[in-house]
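Asks: 3D model of this:
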Amino acid sequence: MKGPKFGEMSEAELEVEVRDMVSQMWKLRFQAATGQTEGVRKLHSLRRNIARARTILRERELLALSEAEGSQAHGQ
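Replies: Numbering: from 1, shown residues only. Purely as a prediction, here's the structure:
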């Protein structure tokens, strides 16, 4: 699901999306354990999308930190 472009979402939207996907993943794992799963592909794609969203969140966090350090260096 590269459909929702994670790069275009705000941080708050990404965090909500990650929470929803983690919740879906737990439901799918429970279904798989009880033998009523809809397929392993959905679980696989959810894990990948969670990783994509978390990577973008981390990149933005690191960018904000480097910008803050850069402004402090120029301020002194």
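Asks: Check which helices and strands the helix or strand harbouring N49 is in contact with.
Replies: With secondary structure defined by DSSP states H and E, N49 is part of helix 40-75. Taking 3 or more Cβ pairs under 8 Å, 6 or more residues apart in numbering; DSSP states H and E as contact, the helices and strands that helix 40-75 lies on are helix 11-34. Where you see a C-beta, it was placed from the backbone N, CA and C, and this is true even at glycine.
Asks: what's the angle from the helix it packs on to helix 40-75?
Replies: Comparing the axes of helix 11-34 and helix 40-75 via axes from the mean of the first three to the mean of the last three Cα atoms, to 10 degrees yields an angle of 150 degrees.
Asks: pLDDT averaged over the helix holding N49 - what is it?
Replies: On average, the pLDDT along helix 40-75 is 89.
Asks: Going forward, count from 18.
Replies: Understood, numbering begins at 18; the last thing we discussed is helix 57-92.
Asks: Just the buried residues of that helix, please?
Replies: Neighbour-count burial for helix 57-92 flags K59, L60, L63, N66, I67, R69, A70, I73, L74 (criterion: 16 or more other Cβ atoms under 10 Å).
Asks: residues in contact with the residue most central in space within the chain?
Replies: Closest to where the C-alpha atoms of the chain average out (Cα atoms, centre = their mean) is A70, at 2.6 Å. Taking Cβ atoms under 8 Å, 6 or more residues apart in numbering as the contact definition, A70 lies against F23, L31, E34, V35, M38.
Asks: Lowest pLDDT pick from those?
Replies: On pLDDT alone, F23 ranks lowest of these, at 89.
Asks: pretty sure it contacts R69?
Replies: Yes. With the criterion set as Cβ atoms under 8 Å, F23 and R69 qualify as a contacting pair; they are 5.5 Å apart.
Asks: For the nearest residue to E34 once chain neighbours are set aside, give its distance to E86.
Replies: If the residues on either side of it in the chain are set aside, E34 comes closest to A70, at 5.8 Å by Cβ to Cβ, 6 or more residues apart in numbering. According to Cβ to Cβ, to the nearest Å, A70 and E86 sit 25 Å apart.
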